[in-house]
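J.: Predicted model follows, preceded by the sequence.
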Amino acid sequence: MALVKSLGTKKIRTVELVKSLEVPIRLRCLKITLQTPNPSSKISHIDVDLIRTIAILGVLLLHAANDLTIQQLNDLEIFRWVTVDIYQSLGRVGVPLFIMLSGALLLAPKKENESMRDFFKKRWVRVGLPFVFWAAIYFLWEILVNHQAVTVDFFVDGILTGPYFHFWYIYMLLGLYLLTPVLRVVIANARREVLKLFLAVWFAGTAILPVVALLTPYHLDPNVLTVPLYVGIYVLGIYLLDAQVKKSYLVAAIVSGVALTAIFTYALAATIGGATMFYFQDYSSATMILTSASLFLLLISYPLSSPQPHKTGGASLGRRLLHLVSENTLAIYFLHLIVIEIFQQGFLGFAVNGNTVNSIVGVPLMVALTLGLCLVIVVPLKRVPYLKKLIG
């Protein structure tokens with residue numbers, strides 16, 4: 001990122017939020033201040049624990065609500081459907097938060113000189129080993145609990161695409177990791193205007209063209225704008241570090257983004273239906289990008305006074321809990337679907353699902369139970385020698 005300097009003094013330039021994000025929505029009087037502090041110092045004061053905790057809660061919320069989702073609207077189910085629609089619109093921010101945080105941490109200019117060997121070795125230890133361990137667990141879960149037939153195709157498909165649906169995220173991360181050495185060089189040497197162009201092309205191809213094709217009979221050949229969705233979100237994480245927006249504007253953008261996502265999802269379900277009804281809950285929709293980017297900006301606007309506040313004297317219970325969840329997010333991500341199924345199917349003697357608990361209470365209850373049981377399982381296991389690196 002280019003640093004703007006003038007005889008040792010930092011120039012501050014103000015641009016409109018919609019211009020910096022290239023979002024074609026005009027918000028009057030909404031200003032972003034872009035400045036160029038030392039990226040390394042800013043990154044060291046990001047509240048990583050807070051962002052990771054909110055991100056994993058979003059993932060849990062999304063998957064806890066999935067059990068209660070129906071594909072067709074009717075008068076009997078409308079209240080439950082709308083409730084779940086709102087919860088899912090909130091939970092969808094989890095994955096983009098994780099990706100933007102990874103971009104902010106891994107694409108920092110100071111990382112440019114890290115050797116590819118060191119980079120990939122770290123990724124293997126931190127993500128690769130847990131992936132292998134949990135893949136084996138889910139193969140066993142499918143066979144022993146879900147009574148999946150043991151065939152060659154079962155194992156081949158599981159290896160190629162993941163033994164359970166949430167493993168898609170790890171395969172996506174692998175793709176981002178493969179591009180990271182290249183992106184580091186680009187980020188370290190590109191002017192901010194170049195990154196703006198990159199993100200503008202990404203946003204137009206990812207969020208604008210699909211909705212135009214969905215709502216009108218016209219479409220532009222998608223090969224014109226081909227920046228992959230998750231690469232754009234990844235780069236957005238490092239790009240937004242230099243942006244400052246009033247917290248009140250960010251809160252308004254988050255609330256508006258969630259509301260519009262839920263409303264547009266309902267509108268599509270009531271009119272078009274089918275596979276397209278959840279388009280606005282997709283990570284590529286303009287409403288989800290607006291919501292996720294605004295939430296990320298809000299969270300990084302609360303800098304840490306200390307790089308490791310949980311280790312300072314007198315750290316609050318809340319801070320220690322944030323760190324506990326944060327340092328176990330990968331293990332929680334892998335394990336949580338098994339735990340959700342345990343509660344849904346009543347393996348502990350009671351069931352929490354759409355048939356036993358009202359959705360308004362049932363979804364957050366499932367989130368709390370899932371997070372609690374995941375921590376009860378993961379934390380003791382990580383104290384066992386050799387298991388810590390395997391669990392994640």
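T.: Noted; the coordinates are in hand. None of the values given here were measured: they were computed from a predicted structure.

J.: pLDDT weak spots in the stretch 251-392 of the chain?
T.: Applying pLDDT under 70 to the stretch 251-392 of the chain flags the ranges 305-314.

J.: what about the residue lying closest to residue 360 once chain neighbours are set aside, how many neighbours?
T.: On the basis of CB to CB, 6 or more residues apart in numbering, the spatially nearest residue to residue 360 that is not a chain neighbour turns out to be residue 83, at 5.5 Å. Yep, even glycine has a C-beta here, placed from its N, CA and C like the rest. Close neighbours of residue 83, defined as other CB atoms under 10 Å, add up to 18.

J.: Ok, residue 149 next?
T.: Residue 149 has 8 nearby residues by other CB under 10 Å.

J.: Same check on residue 178?
T.: Around residue 178 there are 11 residues (other CB under 10 Å).

J.: In CSV, list the C-alpha atoms belonging to the strand or helix carrying it.
T.: In the assignment (DSSP states H and E), residue 178 maps to helix 168-189. What follows is helix 168-189, C-alpha atoms only, in CSV (Å, rounded to 0.1, in the frame of the first residue of the first chain):
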residue,chain,number,x,y,z
TRP,A,168,-15.7,-26.4,1.5
TYR,A,169,-14.2,-23.5,3.6
ILE,A,170,-10.9,-25.4,4.0
TYR,A,171,-10.7,-26.1,0.3
MET,A,172,-11.4,-22.4,-0.4
LEU,A,173,-8.7,-21.4,2.1
LEU,A,174,-6.2,-23.7,0.2
GLY,A,175,-6.9,-21.7,-3.0
LEU,A,176,-6.3,-18.4,-1.2
TYR,A,177,-3.1,-19.8,0.4
LEU,A,178,-1.8,-20.8,-3.1
LEU,A,179,-2.3,-17.2,-4.3
THR,A,180,-1.0,-15.5,-1.2
PRO,A,181,2.7,-15.2,-2.2
VAL,A,182,1.6,-13.5,-5.4
LEU,A,183,-0.9,-11.3,-3.8
ARG,A,184,1.6,-10.2,-1.1
VAL,A,185,3.9,-8.8,-3.9
VAL,A,186,1.0,-7.0,-5.5
ILE,A,187,-0.3,-5.5,-2.3
ALA,A,188,3.1,-4.4,-1.2
ASN,A,189,3.9,-2.6,-4.5
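
J.: quick one, the very next helix or strand once past that helix and helix 168-189 angle?
T.: In the C-terminal direction, the helix or strand that comes right after helix 168-189 (DSSP H and E) is helix 192-203. Helix 192-203 runs at 150 degrees relative to helix 168-189, counting by axes from the mean of the first three to the mean of the last three CA atoms, to 10 degrees.

J.: so for the helix or strand just after helix 192-203, what's the average pLDDT?
T.: Moving toward the C-terminus from helix 192-203, the next helix or strand (DSSP H and E) is helix 209-215. Mean per-residue pLDDT for helix 209-215: 87.

J.: What of stretch 54-62?
T.: Averaging pLDDT residue by residue across stretch 54-62 gives 97.

J.: what are the C-alpha coordinates of that stretch, in CSV please?
T.: Below are the C-alpha coordinates for stretch 54-62, written out as CSV (Å, rounded to 0.1, in the frame of the first residue of the first chain):
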residue,chain,number,x,y,z
ILE,A,54,-18.0,-12.9,16.3
ALA,A,55,-17.2,-14.8,13.1
ILE,A,56,-17.5,-18.2,14.7
LEU,A,57,-20.8,-17.2,16.4
GLY,A,58,-22.0,-16.2,12.9
VAL,A,59,-21.2,-19.6,11.5
LEU,A,60,-22.9,-21.3,14.5
LEU,A,61,-25.9,-19.1,14.1
LEU,A,62,-26.2,-19.9,10.4
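
J.: and the residue nearest to residue 360, that one's in a helix?
T.: Yes - under DSSP: H, G, I helix; E, B strand; the rest coil, residue 83 sits within a helix.

J.: burial measure for the closest residue to residue 377 other than its chain neighbours, as a count.
T.: Nearest residue to residue 377, sequence neighbours excluded (CB to CB, 6+ apart): residue 335, at 6.6 Å. Residues within reach of residue 335, counting by other CB under 10 Å, total 23.

J.: in the chain, which spans are strands?
T.: Under the criterion DSSP state E, strands of the chain are mapped to 5-6, 9-10, 13-16, 31-34, 243-245.

J.: Output the longest helix belonging to the protein.
T.: helix 247-271 (DSSP state H).

J.: can you give me how far stretch 186-199 is from the chain middle?
T.: Put simply, stretch 186-199 sits 23 Å off its chain's centre (CA atoms, centre = their mean, to the nearest Å).
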